[in-house]
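# Quick one: sequence plus predicted model below, questions after.
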Amino acid sequence: EVKLVESGGGLVQAGESLRLSCATSGFTFDDYAIGWFRQAPGSEREGVAAISGIDGSTLYADSVEGRFTISRGGAKNSVYLQMNTLTPEDTAVYYCNTAINGMNYWGKGTLVTVSS
């Protein structure tokens, strides 16, 4: 069974940092790309960052480029999202995602709240 479990969210002030983690299981971790998405209240879910399983190449949304860093590895086949210089506009539930054989798999999300 494919599982993705996010953690690391919380309440921070503008300008501070958070590191999100996505622990995965149930699939061959190195074979698949993993992405981070977020959904703010009243908004659609949007892509934030993604990392390839093949060569570790990364992709970022314009809104987070230069502030967020996605990485992968660790004992729990995890993907991380280091978020620096947070702003209130980054407030959202953050989800990790992978697509395997045409199926999308999502975690339950972790809430990030940035106060001004």
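Yes, it's here.
# Now do the strands in the chain.
Along the chain, the segments classed as strands by DSSP state E run 3-7, 10-13, 18-25, 34-39, 46-51, 58-60, 68-73, 78-83, 92-100, 103-106, 110-115.
# Y80 is in contact with Y94, correct?
No - contact between Y94 and Y80 fails when scored by CB atoms under 8 Å: they sit 11.6 Å apart. C-beta coordinates here come from the backbone N, C-alpha and C atoms, glycine included.
# Settle it for me: which of these two has more neighbours?
The residue with more neighbours, out of Y94 and Y80, is Y94; 23 against 20, by other CB atoms under 10 Å.
# circling back: intersection of neighbour lists for Y94 and Y80?
L20 (CB atoms under 8 Å, 6 or more residues apart in numbering).
# What residues does the nearest residue to Q13 once chain neighbours are set aside make contact with?
Closest residue in space to Q13, ignoring its immediate chain neighbours: S115 at 5.4 Å, by CB to CB, 6 or more residues apart in numbering. By CB under 8 Å, 6+ apart, the contact list for S115 reads 11-14, 88.
# What's the per-residue pLDDT of S115 here?
With respect to pLDDT, S115 scores 98.
# same thing with A75?
75.
# Next, count neighbours for it.
Close neighbours of A75, defined as other CB under 10 Å, add up to 6.
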